[in-house]
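[1] just coords:
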């Protein structure tokens, strides 16, 4: 298994951050067939496989704002208003995704990308852990 950590700057805004190219570069370097696991070791971020651009990013953030309003209803209270919702979000958008990799390329659909979803404006940096599991050159490791 190969692992690499990315340092992602999310800044002070909610957002959907495309990491598809970083995933492609990592699997291309490793080569072969296997599974790519993308994991954010944070209690307030998630990983989504979805179409990005064309308004989808904003649609996701709007849907999350409707489902998880940034107001004072949350019992978990510290940081910015509505911070507690950031701790609930990973139950909806998991902090991980596992993708098949064929010949060194994530086997994504035509419009699919890999993104980190972050509602926590109090944490401007995120770690993303990429792990590539292969069966070895002869496939015997599976």
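    Happy to help now that I have it. Note that the coordinates shown come from a computational prediction; the quantities given were computed from them, not determined experimentally.
[2] residues touching the closest residue to residue 13 other than its chain neighbours, list them.
    Using CB to CB, 6 or more residues apart in numbering and skipping the chain neighbours, the partner closest in space to residue 13 is residue 121 (6.3 Å). Every C-beta, even on glycine, is put in place using the N, C-alpha and C of the backbone. Applying CB atoms under 8 Å, 6 or more residues apart in numbering to residue 121 gives the contacts 12-14, 80.
[3] now list the buried members of the residues you listed.
    Burial by neighbour count, 16 or more other CB atoms under 10 Å: within those this picks out residue 14.
[4] now for the helix or strand hosting residue 130, which elements pack on it?
    Of the helices and strands defined by DSSP states H and E, residue 130 is found in strand 125-134. Judged by 3 or more CB pairs under 8 Å, 6 or more residues apart in numbering; DSSP states H and E, the packing partners of strand 125-134 are strand 2-9, helix 20-30, strand 34-39, strand 113-118.
[5] deepest of those, which one?
    Mean neighbour count (mean count of other CB atoms under 10 Å) peaks for strand 113-118 among those, with a mean of 24.
[6] partner strands of that one, with direction?
    Sheet pairing of strand 113-118 (DSSP bridges) gives strand 15-18 (antiparallel), strand 45-50 (antiparallel).
[7] before we move on, back to that, dump the helices and strands packed on strand 125-134 to JSON lines, plus distance to residue 97 and mean pLDDT.
    As requested, the helices and strands packed on strand 125-134 are exported to JSON lines (distance: least, CB to CB, whole Å; pLDDT from 0 to 100):
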{"stretch": "strand 2-9", "distance to residue 97": "14", "mean pLDDT": "97"}
{"stretch": "helix 20-30", "distance to residue 97": "10", "mean pLDDT": "97"}
{"stretch": "strand 34-39", "distance to residue 97": "5", "mean pLDDT": "98"}
{"stretch": "strand 113-118", "distance to residue 97": "7", "mean pLDDT": "97"}
